[in-house]
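Q: Let's see this in three dimensions:
(one chain, ligands or ions: 1)
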Amino acid sequence: VVNISSLYQQEGVFTYDPGYGATGSCESKITFIDGQKGILLYRGYPVEQLAAKSNFMEISYLLLYGELPTKEQLARFDTSIRTHTMLNEGMLRFFTGFRYDAHPMAMLSAVVGSMSAYYHDTMDINNPDAREVFAHRILAKMPTIAAAAYKHTCGQPFVYPRNDLGYCENMLQMFFAVPAEPYEINPVAAEALDLLFILHADHEQNCSTSTVRMAGSSGANPYSAIAAGISALWGPAHGGANEAVLRMLEAIGDVKNIPKFVAKAKDKNDPFRLMGFGHRVYKNFDPRATIIREMCHKVLKQMGRTNSPLFDLALELEQVALKDEYFIEKNLYPNVDFYSGIIYRALGIPTSMFTVMFAIGRTVGWTAHWREMITDPNGRISRPRQLYTGEPTRDYVSIDQR
Ligand code: ACO
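A: From the prediction side, this is the model:
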């Protein structure tokens, strides 16, 4: 008979830390967050500077390789990404197997996972060249897969990627072009997407990134690890919040209903939370939310939508919550997802695609972390312990005696 509590004593001390709020699982050089001060750095550069001066391709290079690229390095990287956008034709047929109303996140995680059945040349995780091709391939193909999922839900034919276009321009045409009709890319839409991807690119050991690291730590192929991360991102407490925010704003409907919903969010007997508020690490303004709020103004103005009831509602809700004792006391501020959905909506992207957009931006962060994890000299399989609270040892009773 094993005495369970003495077993724990024999094994020495371990930390019981539900949700890992105080547990560092790895060393990392990629992203730094100071949640008290509202600071976010990618490889040491403040996100505000990167958002104002850089672009998503350059940020992707920075996150993957650790330094800003020279002109030549960026040109080579950009060309490589542009020429890896095509999806194997056999994989395109996967989409026809999904119901037309399948959630795009379900299609995204399934199709990304199935890349391991197609791209065998990148399955050797110990081969640096294979890891390099994988990184470029996943970054390049993510918008193609997302667009195919979107076209499937619309019942429209798939639009092939165009290598002459930049990352966001190409994505817009794959989403919105229809055969035999000219499609003009709106530069404001492309600029807004680029900014959103920069702001979503990485956020250290969040739930989906930790999932990618954990799945990958077993030596599983990187496509499976990224597919696991996509599944983790889908939840409403994480990336799924951008979809939930829009649905919440629609449910509130009018500024006069705000107090009712704020009261619901404070009621401990009601599971409702104000979506887009609060963060595990930020106990101050999420710097990304401030930048996105500004972009919201710009996009709505430049797209001729000066009158946006949803945006007005969001601004008012933010003001009400910021003055509310409950939200002040618990340090609940708008997070990155509070305003992003309003921009996506203005760009014509349907609500069910919002978390997919987040996944496209976060792919480079997941990939950078997977590469860091796989080459970490201290790396070992992720294997947390538990505090067992079940039955003590007992004897098996045969079924006719129970
Ligand atoms: N509305 C109302 N109350 C909230 C909210 C909210 N949005 N967020 C947290 N609280 C309350 C909790 O009820 C809890 O109260 P208590 O101390 O009385 O029990 C307290 O604030 C702390 O909340 P926790 O859930 O313990 O904080 P945690 O760090 O575990 O969770 C999380 C952070 C998941 C982001 C949470 O704030 C939340 O659910 N927010 C809404 C969903 C959301 O916007 N998610 C996106 C996060 S950003 C991202 O992933 C990209």
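Q: what about Ser218, how many neighbours?
A: Neighbour count of Ser218, defined by other Cβ atoms under 10 Å: 11. For the C-beta atoms, the positions are set from N, CA and C on the backbone; glycine is no exception.
Q: and if you look at the one 5 residues further on?
A: For Tyr223, the number of neighbouring residues by other Cβ under 10 Å comes to 22.
Q: now it: how far from Val320?
A: Distance from Tyr223 to Val320, counting by Cβ to Cβ, to the nearest Å: 44 Å.
Q: In the stretch 1-150 of the chain, which residue sits closest to the ligand?
A: Gly19 (5.7 Å; Cβ to the nearest ligand atom).
Q: Can you tell me the SS state at that residue?
A: Following DSSP: H, G, I helix; E, B strand; the rest coil, we place Gly19 in the helix state.
Q: ditto for Met142
A: Classification of Met142 using three-state DSSP returns helix.
Q: so how far is Ala368 from it?
A: For Met142, the distance to Ala368 - Cβ to Cβ - is 14 Å.
Q: repeat for Gln401
A: Taken as Cβ to Cβ, the span from Gln401 to Ala368 is 57 Å.
Q: the more surrounded of those two?
A: More crowded of Gln401 and Ala368, by other Cβ under 10 Å: Ala368, with 26 against 5.
Q: helices or strands up against the helix or strand hosting the more buried one?
A: Ala368 is part of helix 354-374, with elements assigned from DSSP states H and E. Counting contacts by 3 or more Cβ pairs under 8 Å, 6 or more residues apart in numbering; DSSP states H and E, helix 354-374 packs against helix 56-65, helix 104-114, helix 128-154, helix 187-200, helix 207-217, helix 222-233, helix 241-252, helix 337-346.
Q: which residues does Ile39 bridge with?
A: Counting by DSSP bridges, Ile39 forms beta bridges with Asp34.
Q: Could I get the contacting residues of it?
A: Shown here is Ile39, whose contacts under the criterion Cβ atoms under 8 Å, 6 or more residues apart in numbering are 32-33, 46, 287.
Q: Need those in JSON lines (columns: secondary structure, distance to Asp121 and neighbour count).
A: Listed next are the contacts of Ile39 as JSON lines, based on DSSP: H, G, I helix; E, B strand; the rest coil; distance: Cβ to Cβ, whole Å; neighbours: other Cβ atoms under 10 Å:
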{"residue": "Phe32", "secondary structure": "strand", "distance to Asp121": "34", "neighbour count": "15"}
{"residue": "Ile33", "secondary structure": "strand", "distance to Asp121": "36", "neighbour count": "22"}
{"residue": "Pro46", "secondary structure": "strand", "distance to Asp121": "38", "neighbour count": "14"}
{"residue": "Pro287", "secondary structure": "helix", "distance to Asp121": "39", "neighbour count": "22"}
